[in-house]
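J.: Below are the sequence and a predicted model for it; my questions follow.
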Amino acid sequence: MEKKKDVKKISALVDALNIEMVVNQALIDLLVDKGILSHDEIQAKIKEIKVREGIVLSSDASNKASN
């Protein structure tokens, strides 16, 4: 019974992350389409925030290893 609760929690978390991803992409697309920001500016800000917050993603580590 406990596993079913865990699966439901994980499923809800995945749904929330997917919604967040779609909303963020929509905002990025609108800002770029309207000429308010460029993709390069957005990427630079993402990098700045990751460094400031000490966020290291597994994809970042694998990219550094392959370089």
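T.: Structure received.

J.: Okay, helices next: where are they in this protein?
T.: Using DSSP state H, the helices of the chain run over 2-33, 39-53, 58-66.

J.: weakest of the ones you listed by average pLDDT?
T.: Mean pLDDT is lowest for helix 58-66 out of the helices of the chain, coming in at a mean of 72.

J.: My read is that residue 42 contacts residue 27, right?
T.: No - here residue 42 lies out of contact with residue 27, judged by CB atoms under 8 Å, at a distance of 9.8 Å. (Each C-beta comes from the backbone N, C-alpha and C, glycine too.)

J.: so what's the backbone phi/psi at residue 34?
T.: The phi/psi pair for residue 34 (degrees, to the nearest 10) reads phi -80, psi 0.

J.: Could you list the domains of the chain?
T.: Annotated domains of the chain cover 1-36, 38-67 [automatic domain parsing].

J.: Could I get the ones you listed in a markdown table, plus columns for mean neighbour count?
T.: Shown next, in a markdown table, are the domains of the chain (neighbours: other CB atoms under 10 Å):
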| stretch | mean neighbour count |
| --- | --- |
| domain 1-36 | 10 |
| domain 38-67 | 10 |
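
J.: Closest to the centroid, which residue in this structure?
T.: In the chain, the centroid-proximal residue (CA atoms, centre = their mean) is residue 21; its distance is 6.3 Å.

J.: got a list of what that one touches?
T.: Going by CB atoms under 8 Å, 6 or more residues apart in numbering, residue 21 touches no other residue.

J.: how much space between it and residue 6?
T.: 22 Å (CB to CB, to the nearest Å).

J.: Next: residue 34.
T.: In terms of CB to CB, residue 34 sits 42 Å off from residue 6.

J.: ok, now residue 60?
T.: The gap separating residue 60 from residue 6 is 28 Å, by CB to CB.

J.: can you check residue 59 too?
T.: Taken as CB to CB, the span from residue 59 to residue 6 is 26 Å.
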